[in-house]
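Trainee: for reference, the sequence and a predicted model appear below.
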Amino acid sequence: MITSTHDTLQELQLERTLGGEGREAEREIPLIDLSDFDTRRDEIIDRLWQAATDVGFFQLVNHGIATADIRQAFTLAEEFFALPDATKARHSLKQGQNAGWEFKSQVRPSTQTADQKESYQITLPHMEGLWPDQVTLAEFQRIMLDFEHQAWQLGMRVLSCFAERLGFERDFFTHAHARHAPDYQSTLRLLHYLPLDRDALADASLWRAGAHTDFDCLTMVFQREGQGGLQVCPGHEVAGSDEGPAWSSVVPRDDIITCNIGDMLMRWSDDALKSTLHRVRMPTPEEADKPRYSMAFFCQANKDVTIQGPLRTYPPITAHDYLQQRIAANFHAVRNKDA
Ligand SMILES: O=C(O)CCC(=O)C(=O)O
Ligand SMILES: [Fe+2]
C-alpha cells in the first residue's frame, strides 16, 4: 500500500523548489578511468570518493562494458520504441513495480508537468508478460538481460569502492542488491525523449525530464554521442545566487558511462555522498525534430534491506518503503489508483 507520507521526505521538498529555468555554468564532471581495476583499486577509490562527495556525478571510461554491446542495446531500444503504440501497450507499466512501458506518465514534483518521454523498464522479478516476443523483436529479451547483468556487475564494482570507504564489508552492497533474490528491485530503464514541435518548444513549463534527484544508490546512464541534454546542478550551487541555480551540461560519448549518486546512498552514507539534482533540458530548435535516446541502470537495494548509515543520521527505512514513496510522488496515476 502506498501512503501519503511521501510528502514528508526531505528529498521531495528540495525537488519541488527547483522546476525553473535557472542559468547555465561550465563545470567539469570528473572522468575516472577504471582500467587495471584490481591493481589500481586504491587510486580509483580515491577518485570515486572525491567525485561523489563533491559534485555527486562522475563519468567512467575503460569500464569493461564493450561499446559494441552498448550500441547493440541502443539499437534494440530504438526498435522497441518504433513499435506501434498498440504493441507497446501490451507491455504496459505494472503499477508501482518499475517494469514495463509508459508514455508521458511521469510527472516530476519539480515541474508538475509530464516528462516529454516514453520509457520501458526492466526489473527482473516483475517481467512476466512484459517481454516482446521473438516475432515482434527477436533477441530483445536475451540481449537486454545480458546488458542488465553487465550493468549490475559494474554497478556492484563501483559500490564496492564506496562500501570500503564507508567502513562496510567490500561486498556489502552486492549482498544488498542480490540479483537473483525475489525482492530484487534494481532497474534498467530504456528512455526515448520525443521529437518536439514548435508549440511544445515554446512552452516553458515542459521538460524532457524535469529537475530531480534519483531515488536509488547509484545510477549509470548510457548516452549517445550528439544527443546531449543532461544537465547537473551540484547541491552547493542550488541556493547559490540571486540568478537562481547553475546548471552544467554533461557531454555524452558512446564509450563513457555517466554516473551519479542517488538518495538511497546519500542516506546510507549519512550524507557524505551527494545525490545531485539533474534534468534533461528541452532540445534546441536544431535538435527538436530529432529524438534522444538514453539508457539508465538504477542500483536500488533489494526491498527487504534496511537503509541506515553507520552514524544513524536518519531513522531506518526499508528499501521497499523508501522506493514506494518516491514512485508514488512521480507517477500520479499509480498513486491515485492505490491511494
Ligand atoms: O536521459 C538522461 O540522460 C538522464 C535520465 C535521468 O536522469 C533519469 O532517468 O533519472
Ligand atoms: Fe535521473
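Mentor: Okay, I see it. Ligands and ions are numbered 1, 2, ... in the order given.

Trainee: could you find the closest non-adjacent residue to the residue nearest to the spatial centre of the chain?
Mentor: Centroid-nearest residue in the chain, with C-alpha atoms, centre = their mean: Thr219, separated by 4.6 Å. Closest residue in space to Thr219, ignoring its immediate chain neighbours: Asn260 at 5.0 Å, by C-beta to C-beta, 6 or more residues apart in numbering. For the C-beta atoms, the positions are set from N, CA and C on the backbone; glycine is no exception.

Trainee: which of the helices or strands spans that neighbour?
Mentor: strand 257-261 (DSSP states H and E).

Trainee: list of residues touching that strand?
Mentor: 29, 52, 56-60, 63, 65, 154, 158, 214, 217-223, 230, 232, 250, 252, 273-276, 278 (C-beta atoms under 8 Å, 6 or more residues apart in numbering).

Trainee: likewise stretch 133-144?
Mentor: With contact meaning C-beta under 8 Å, 6+ apart, stretch 133-144 is reached by 72-73, 76, 79-80, 83, 87, 122, 131-132, 188.

Trainee: for the longest helix along the chain, what is the average pLDDT?
Mentor: The longest helix of the chain (DSSP state H) is helix 140-166. Averaged across helix 140-166, the pLDDT comes to 98.

Trainee: going by neighbour count, list what's buried in that helix.
Mentor: Residues 140-141, 143-144, 147-148, 150-152, 154-166 are the ones in helix 140-166 that count as buried (16 or more other C-beta atoms under 10 Å).

Trainee: quick one: low-confidence ranges for the stretch 101-250 of the chain?
Mentor: For the stretch 101-250 of the chain, the stretches flagged by pLDDT under 70 are 236-243.

Trainee: contacts only, for the residue in it that ligand 1 sits nearest to.
Mentor: In the stretch 101-250 of the chain, the residue that lies nearest ligand 1 is Leu230 (3.8 Å; C-beta to the nearest ligand atom). Taking C-beta under 8 Å, 6+ apart as the criterion, Leu230 is in contact with 221, 223, 249-250, 252, 258, 278-280, 294.

Trainee: can you narrow those down to the ones near ligand 1?
Mentor: Contacts with ligand 1 within these, as defined by C-beta under 6 Å from any ligand atom: 221, 223, 278, 280, 294.

Trainee: which among those gets closest to Ile317?
Mentor: Ile317 lies nearest to His278 out of the ones next to ligand 1 among the contacts of Leu230, by C-beta to C-beta, at 23.3 Å.

Trainee: and for the closest residue to that closest one other than its chain neighbours, the neighbour number?
Mentor: The shortest distance from His278 to any residue other than its chain neighbours is 4.8 Å, reached at Val232 (C-beta to C-beta, 6+ apart). Counted with other C-beta atoms under 10 Å, the neighbours of Val232 add up to 21.

Trainee: so who does Val232 touch?
Mentor: Residues in contact with Val232, defined by C-beta under 8 Å, 6+ apart, are 27, 29, 55-57, 247-250, 260, 276-278.

Trainee: surely it forms part of a strand?
Mentor: Yes - under DSSP: H, G, I helix; E, B strand; the rest coil, Val232 sits within a strand.

Trainee: so what's it bridging to?
Mentor: Ser248, His278 (DSSP bridges).

Trainee: distance of it from Ser249?
Mentor: For Val232, the distance to Ser249 (C-beta to C-beta, to the nearest Å) stands at 8 Å.

Trainee: over to Ala25?
Mentor: On the measure of C-beta to C-beta, Ala25 and Ser249 end up 9 Å apart.

Trainee: kindly report the same for Phe74.
Mentor: Phe74 sits 21 Å away from Ser249, taking C-beta to C-beta as the criterion.

Trainee: Arg189: which element?
Mentor: Element membership of Arg189, judged by DSSP H and E, is strand 187-193.

Trainee: same question for that strand: list its buried residues.
Mentor: Those would be 187-193, for strand 187-193 by 16+ other C-beta under 10 Å.

Trainee: can you list the residues of this protein near ligand 1?
Mentor: Those residues of the chain that sit near ligand 1, judged by C-beta under 6 Å from any ligand atom, are 191, 209, 214, 221, 223, 230, 278, 280, 294, 296.

Trainee: quick one, which of the residues you listed are buried?
Mentor: Buried members of the residues of the chain next to ligand 1, counted by 16+ other C-beta under 10 Å: 191, 209, 214, 221, 223, 230, 278, 280, 294, 296.

Trainee: nice, that's everything, thank you.
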